[in-house]
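Colleague: Make a model of this:
(2 chains)
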Amino acid sequence: MIIHHPLLGPRDAAEFTVLGDASLIERPDPQSADAEDRFYDYVYLRDNPAGLHRELWYHEQGDRSWLVVTRNTLTHEVVGVELARDVALAKRTGKRARTRKGGSA
Amino acid sequence: MSFRSPASIKTGLIDRDTSLAFSFNGRQMTGHAGDTLASALIANGVKLVGRSFKYHRPRGIFTAGSEEPNALVTLRAGAHSEPNTRATVAELFDGLVARSQNHRGPLHFDLLAVNDLLSPFLTAGFYYKTFMWPKSFWEKLYEPVIRSAAGLGRLSGAEDPDSYDKGFLHCDILVIGAGPAGLSAALQAARSGARVILADEDFLPGGRLNAETYEVSGMPGYRWAAETIAELRSMETVRLMTRTTVYGAYDHGVYGALEKKTDHLASADGKPRQVLWRIYSKQAILCAGATERPIAFANNDRPGIMLAGSTRTYANRFAALAGKRVTIFTNNDDGWRTATDMVDAGAQIAAIIDNREIAPLVAPAGAAIVMGGAISDTGGRLALKSVTLSNGQTIETDCLAVSGGWNPNVHLTCHQRGRPQWNAAINAFVPGGELPVGMRVAGSASGALTLAACLAQGHKAASEAAKALGFTPSRSRPAPASDEASANSAFWHVGNSKKRAWVDLQNDVTTKDIKLSHREGFRSVEHLKRYTTMGMATDQGKTANILGLAIMAEASGKSIPETGTTIFRPPYTPVAIGALAGRSRGSEFRPTRLTTSHQWAKEHGAIFVEAGMWLRAQWYPKVGETHWRESVDREALAVRRSVGICDVTTLGKIDVQGKDAARFLDALYTNTFSTLPVGKVRYGLMLREDGMVYDDGTTARFGENHFVMTTTTANAVLVFRRMEFARQCLFPEMDVHLISATEQWAQFAVAGPNSRKLLERVVGREHDISNEGFPFMACGEVTVCGGTRARLFRISFSGELAYEIAVPARYGDALVRRLMEAGREFDVTPYGTEALNVLRIEKGHATANELNGQTTALNLGLEKMVSKKKDCIGRVMAGREALIDDDAVRLVGFRPVNPQDSLVSGAHFIARGDAAVTENDQGWMTSVCYSPHLETMIGLGFIRRGNERIGETVIAADPLRGSTCEVEIVSPHFIDQQGERLRG
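Modeller: A predicted model of the protein is given here:
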């Protein structure tokens, strides 16, 4: 697979390690009253969609960026790649992260 | 008798001036440059080349390409021997040695041919049915016998002496296959300005143009091919790769290809034998051509029965006659061309048998024409002698050319979920709607089975691909040619014979096997494949599958498209494991990391152990020491008595800097680092988000915003990865930066009561390292050896007065030598990982054995390190009820009640008098060693409520290895329980 890194352009998937569901960015508030329940969901429950899936990929053999890759699990088509840090920051400010359209040429 | 056409009749595309000597089963023969092993064997009149997989039936060459099911031979000898090589794709070289496979005794008198008589018992799935009783006989008797009787060639058993490489290529347009469509496509793509890779499995590009007698652009097809190749070679933007099979289509335009570099040479001469390429393409045009299919009829597997197109390949390209009196059995127009070509090459045509009623072409003079006919049987034990027709007539013949039509090679279009579609006009599957991204199909692979159509399609596909990439397609026209007659009929097998008719020659699957499996309830084509083994092994049923599907469809009353195909998967043709491994073999399977003291340790006779990718000194045997324990005991004693040195470079070192560095570490570790003063070190505990302990290590604060933390050796990469995850994904607002410095600093533990005295001789005098000036858990930047910068940490893993000293890696070797020299007066002793382990067990320190991913801070007795004043990764989940249960296992020490007894890690604890069963399990032993200080074995382990049970005795049971031992629960601190030594 080819992943279009927002900073480094098209890179082979072999340069990355994959972690899985990008919902891991959304760590629950540890101070909330139901923190334990929310952490239980956060740690153990994942959706496993047949279709578009937002995933975390780590450019370990590159610049060490964590990326959010939106990938179709049925076709492996990559429809978008964002820096995970931008995604995480955007969640706090409510703005959208910059997205680089992915996929192969 | 020579079966080579005289040059005066047919020249062929071989170099008759270059003769090559080769041997087959010890018989010396001669061929020419440009021959394959198969064509040279045919030219020498060899018909019998092997025995079949199951019945040991005599078999001959069946095809002229990579689809060959029969002619599998072992090439070369000794460690270089290569079993199961298709003779049809083995390029002849001078001195080639080939042997046939799968027979006991000589090839013409195979003792296992008795299997053929036993065939009624050896039908599909026979081993599931016949050899069921007694059960124990399967492993000991039946399976070994079946395995030795069945099968293909044998491996030499020696290590592969050849080398293999891997490579990466990039292009705009990849053209797969250099037949008429591929050449046409590559030419148009290159002329349009695209960077082109043209790959073909053959050593002579041209595909069927080299095998047929058609004309292109008013010249013989093979000549047009050669001229086109010459033009492509002259273009800098084209990379022509012959002997290169594109074997798989992967995601996003990535293709796998295997290039044979030296297989056609007598010796690789140090060069890589094969190269496995990963090709990155923007567009790809599949021009893989088509494969001819046979017709099934009784005894259709005798040597001398060959696909019609292959007899033409041998006659036209290699000037080799598959027979001198040829019979043709066809269901389509293409088969008829065989008659004229074979006559032109010097053979006689005995008869043409066509199942259809009306003859499509004129036959050569003298040939009997049987329309509406079929072959019902054949004769000849080791080679074909005659064929019998359905009308009872028998014809003497030494070669039967069979054509059942052509199947487009759709394989690569299906490597990503694509399913082929049935095309009733050509009675074959063609590429389906869903192609791999960026792929187009042209020529016969798409179902265009005539020459002009192939040339036009290749040209058109290239223009479209070029346009898609932003190039302006060249205005040139496709090369002109005519479309030949190509009508065909759906006719798969001659029915109603009691005799066996082969569908899959390689796996000895007959029409009866297919019908039987249907009767026994195997309805899915995937089940049919697994039950009968049809379509397995090296040829993957390239000539067989369609017949099987047709017969199965007939048996089930369905159509062929309703029956469907099995899934096509890479590789298209076999790829050697050696090529997939490339250079990653043996010790080069992965990188080996050496510490800076490695050379020095080697000079001192160290025994090394793998720790992850690192090699670490395990112990340093001295002259006279005969057992590892002697060395380890000596080293451990020396540390506690005087001073020892151990290389601890392999621990992960991560440099953490930034305004929020301290806050970041607070979030990462259970304990607090923002309160750590500059110049101090603190031990830290890291959890996973699920609350289990992940890693531990020390972190030193060198400045307000600068920390250096250590991880365990095994987790160095993983912890760094998680820290980057936390930094970027969980705490993106923090100003903090990380870099791994594991390899930048060489680090040594200097441990023992004399460690300070030793270091005073090395560390610059301006640095106060007295107990007051540099107390326990101090850290600082110092200089050593007269000015080299270094970092000094007063930390102890052994429980003794101890330090770790780090220097830039390039000074590591010099430093260890200097430390040894400076410590001579104290009898300084280098110690390895075994002594390190003894010293840490004696002090009750946890390592990977205890931090195994299933233990909590509470289990480890470190619950006080989990700060309640702040959050950290894993804090919430660590508070789950089940994890803070009072009954939880706790880390404690164990001593055998009888000091002579041995302890084993992995033993489980049970109360005295209890049975050693899971219900009575109270915990387990994690680490054991012999303590030379206590002169007994000691252990660490987890046991329920262990902290409240000091002094109690329990049983350590190890039913797996058959040992039990009575042990006393003790404090995990076996030595210096008050911890006075390390503060001294």
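Colleague: Now name the helix or strand holding residue 85.
Modeller: Here I'm looking at chain A. When elements are defined using DSSP states H and E, residue A:85 is found to belong to helix A:84-93.
Colleague: ah, no, chain B please
Modeller: Taking DSSP H and E as the criterion, the element that holds residue B:85 is strand B:82-86.
Colleague: per-residue confidence averaged over that strand?
Modeller: Confidence over strand B:82-86, taken as the mean pLDDT, stands at 94.
Colleague: So which elements touch it?
Modeller: With contacts defined as 3 or more CB pairs under 8 Å, 6 or more residues apart in numbering or on different chains; DSSP states H and E, strand B:82-86 has these neighbours: strand B:72-75. Yep, even glycine has a C-beta here, placed from its N, CA and C like the rest.
Colleague: Which residues does the strand holding residue B:85 contact?
Modeller: By CB atoms under 8 Å, 6 or more residues apart in numbering or on different chains, the list of residues contacting strand B:82-86 from outside reads B:38, B:66, B:68, B:71-76, B:101, B:152-155, B:538-539, B:574.
Colleague: Report the distance from whichever helix or strand comes after it to the chain centre.
Modeller: Helices and strands here follow DSSP H and E; after strand B:82-86, the next one along the chain is strand B:96-99. Strand B:96-99 has its average C-alpha position 28 Å from the chain's average C-alpha position, going by CA atoms, centre = their mean, to the nearest Å.
Colleague: which is the next helix or strand following strand B:96-99?
Modeller: With elements assigned by DSSP H and E, the helix or strand that comes after strand B:96-99 is helix B:114-117.
Colleague: What lies in contact with that following helix?
Modeller: B:54-57, B:122, B:149.
Colleague: now swap in stretch B:33-46 and tell me
Modeller: The set of residues that contact stretch B:33-46 without belonging to it, under CB under 8 Å, 6+ apart, is B:1-4, B:12-15, B:18, B:20, B:22, B:24, B:29-32, B:49, B:61, B:64, B:68, B:71, B:73, B:75, B:86-92, B:96, B:98, B:204, B:314, B:317-322.
Colleague: buried ones in that stretch?
Modeller: Neighbour-count burial for stretch B:33-46, counted by 16 or more other CB atoms under 10 Å in any protein chain shown, picks out B:34-46.
Colleague: from the contacts of helix B:114-117, which two are the most distant?
Modeller: The span of the contacts of helix B:114-117, defined through CB to CB, is set by B:57 and B:149 at 13.2 Å.
Colleague: Distance of residue B:624 relative to residue B:631?
Modeller: The span separating residue B:624 from residue B:631 equals 10 Å under the rule CB to CB, to the nearest Å.
Colleague: between the two, which one's more packed in?
Modeller: Shown here are residue B:624 and residue B:631; by other CB atoms under 10 Å in any protein chain shown, residue B:631 has more neighbours (23 against 6).
Colleague: did I read that right, that one in a helix?
Modeller: Yes. Residue B:631 sits within a helix when classified using DSSP: H, G, I helix; E, B strand; the rest coil.
Colleague: which stretches of the chain have low pLDDT?
Modeller: No chain was given, so I picked chain A. Within chain A, the stretches with pLDDT under 70 are A:95-105.
Colleague: looking at chain B here, not the other one
Modeller: In the predicted model, chain B carries pLDDT under 70 at residues B:127-133, B:138, B:146-151.
Colleague: okay, which residue is most central for it?
Modeller: Centroid-nearest residue in chain B: residue B:580, 5.3 Å away (criterion: CA atoms, centre = their mean).
Colleague: How about the closest residue in space to that one that isn't next to it in sequence: which residues does it bridge to?
Modeller: If the residues on either side of it in the chain are set aside, residue B:580 comes closest to residue B:276, at 6.5 Å by CB to CB, 6 or more residues apart in numbering or on different chains. In this entry, residue B:276 is beta-bridged to residue B:166, residue B:258, by DSSP bridges.
Colleague: Quick one: residues contacting residue B:276.
Modeller: When contacts are counted by CB under 8 Å, 6+ apart, residue B:276 touches B:164-167, B:256-259, B:575, B:579-580, B:582.
Colleague: these two touch, right, residue B:905 and residue B:848?
Modeller: No. Between residue B:905 and residue B:848 there is no contact under CB atoms under 8 Å: 11.9 Å.
Colleague: can you list the residues that contact stretch B:459-474?
Modeller: If you take CB under 8 Å, 6+ apart as the criterion, stretch B:459-474 is touched by A:105, B:172-173, B:175, B:181, B:184-189, B:191-194, B:282-283, B:285, B:440-442, B:477-478.
Colleague: buried stuff in stretch B:321-340?
Modeller: Taking 16+ other CB under 10 Å as the criterion, stretch B:321-340 shows B:321-324, B:326-340 as buried.
Colleague: Just the endpoints, please. Distance across that stretch?
Modeller: Using CA to CA, to the nearest Å, the span of stretch B:321-340 from its first residue to its last is 13 Å.
Colleague: do stretch B:648-667 as well
Modeller: Criterion CA to CA; first-to-last residue distance in stretch B:648-667 is 27 Å.
Colleague: gap between it and the chain center?
Modeller: A distance of 37 Å separates the centroid of the chain from that of stretch B:648-667, by CA atoms, centre = their mean.
Colleague: what about it and chain A, any contact?
Modeller: No. Using CB under 8 Å from any CB of the partner chain, stretch B:648-667 never reaches chain A; the gap is at least 10.1 Å.
Colleague: swap in stretch B:419-436?
Modeller: No. Under the criterion of CB under 8 Å from any CB, stretch B:419-436 makes no contact with chain A; the nearest approach is 8.8 Å.
Colleague: Tell me which residues are up against that stretch.
Modeller: With CB under 8 Å, 6+ apart as the test, stretch B:419-436 has contacts from B:249, B:251, B:253, B:284, B:286, B:290, B:405-408, B:410, B:412-418, B:441, B:445-447, B:449, B:488-490, B:546, B:559-561, B:564-565.
Colleague: cool, and stretch B:591-598?
Modeller: The set of residues that contact stretch B:591-598 without belonging to it, under CB under 8 Å, 6+ apart, is B:601, B:612-617, B:647, B:649-650, B:743, B:746, B:748, B:809-813, B:816.
Colleague: re the thing from before, just the contacts of helix B:114-117 now: which is nearest residue B:824?
Modeller: Taking CB to CB as the measure, residue B:824 lies nearest residue B:149 of the contacts of helix B:114-117, at 70.3 Å.
Colleague: coming back round to it: just the buried ones among the contacts of residue B:276, please.
Modeller: If you count burial by 16+ other CB under 10 Å, the buried members of the contacts of residue B:276 come out as B:164-166, B:256-259, B:575, B:579, B:582.
Colleague: SS state for residue B:729?
Modeller: Residue B:729 carries the three-state label helix when classified by three-state DSSP.
Colleague: That one contacts residue A:66, correct?
Modeller: Yes. Counting by CB under 8 Å, residue B:729 does reach residue A:66; the two are 5.6 Å apart.
Colleague: Can you name the residues of the stretch 151-300 of chain B sitting close to chain A?
Modeller: Near chain A, when you scan the stretch 151-300 of chain B using CB under 8 Å from any CB, you find B:250-254, B:280, B:282.
Colleague: so residue A:26 touches residue A:91, yeah?
Modeller: Yes. Under the criterion of CB under 8 Å, residue A:26 makes contact with residue A:91 at 7.0 Å.
Colleague: Just the closest residue of the stretch 51-200 of chain B to chain A, please.
Modeller: In the stretch 51-200 of chain B, the residue found nearest to chain A is residue B:168; the distance is 8.5 Å by CB to the nearest CB.
Colleague: Is residue B:339 part of a helix or strand, or is it coil?
Modeller: Recorded secondary structure, residue B:339: helix (three-state DSSP).
Colleague: For residue B:30, list the residues it contacts.
Modeller: With contact taken as CB under 8 Å, 6+ apart, residue B:30 is in contact with B:19-22, B:40, B:44.
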